[in-house]
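J.: Build me a model from this:
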Amino acid sequence: MKFIASKKLSNNVTLRAVMLWMLIAIILAMGLSLSAKSIDFGLTPDKWVTTVLGNESEFVDPLLFSDLLLKIHTDLFGLIITFIIIAALYVRTSRTTRTKMTLFSLLLITLLSYPIGLLASSVFGGISVIIALSSFILFHTVIILMSTDLFIALIRRRL
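T.: Model (predicted):
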C-alpha cells in the first residue's frame, strides 16, 4: 500500500530496489518470450503461416484449434499481467498525458490483435497470421522500451 500512497518511489529504498529487479525480470521475460515463440513458430512470417495453417506440399499439419487456444491463453495471461505492471509504473512518470495514452493505446491494440489474428487465421488465412506476428513483436518491443525507460528513471531517482 505504501507504493500506491507515496508520491515518490525514490524515498523508499527497499521498494525502489524491488521495482528495479522487477523491471530487469520483465525485460528478460519479454526477450525470452520472443525467443520461445520463435522456437515454436519460427522466425519468419512464412514459418508462422506454415506452423499455424500447415502446408500440404511440405506435409506439415496445421496447428490444432485446441493447441492454438492453449498457446493464446497462456500468452495472454502473461502479457496482460506484464501490461498492467508496466502501465501502473508508467502512469507515475513525468511523460505527457498524450504520450502515455498513445503508448497504452498502442499496447492494447497490439495485445488484442495478436490473439484475434491467430484465431481469424482459419477465415482470413496467412494475412491474419502475419498481423498476429507483427502485433506480437511490436507489443514486446514497446514493453521492453517502456521498461528500459522506467529502469533509467528509477536509477536516476526521477520516479
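J.: going forward, measure contacts between C-alpha atoms and count neighbours the same way
T.: OK.
J.: And stretch 25-40, what's buried?
T.: Neighbour counts over stretch 25-40 (16 or more other C-alpha atoms under 10 Å) mark 26, 27, 29, 30, 33, 34, 37 as buried.
J.: Any chance of TSV for those residues, columns secondary structure and distance to residue 130?
T.: Below are the buried residues of stretch 25-40 laid out as TSV (DSSP: H, G, I helix; E, B strand; the rest coil; distance: C-alpha to C-alpha, whole Å):
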residue	secondary structure	distance to residue 130
26	helix	25
27	helix	24
29	helix	23
30	helix	20
33	helix	18
34	helix	15
37	helix	14
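J.: wait, which of these is closest to residue 17?
T.: Checking these against residue 17 by C-alpha to C-alpha gives residue 26 as the nearest, at 14.2 Å.
J.: Which of the three states applies to residue 107?
T.: helix (DSSP: H, G, I helix; E, B strand; the rest coil).
J.: same check, this time on residue 57
T.: Look at residue 57: counting by three-state DSSP, its state is coil.
J.: List the backbone torsions phi and psi for it.
T.: Note on residue 57: backbone dihedrals following degrees, to the nearest 10 are phi -70, psi -30.
J.: same thing with the one 10 residues further on?
T.: Taking degrees, to the nearest 10, you get phi -70, psi -40 for the backbone angles of residue 67.
J.: That one: neighbouring residues, count only.
T.: Using other C-alpha atoms under 10 Å, residue 67 has 10 neighbouring residues.
J.: repeat for residue 56
T.: 10.
J.: Equivalent analysis for residue 51, please.
T.: With other C-alpha under 10 Å as criterion, residue 51 counts 18.
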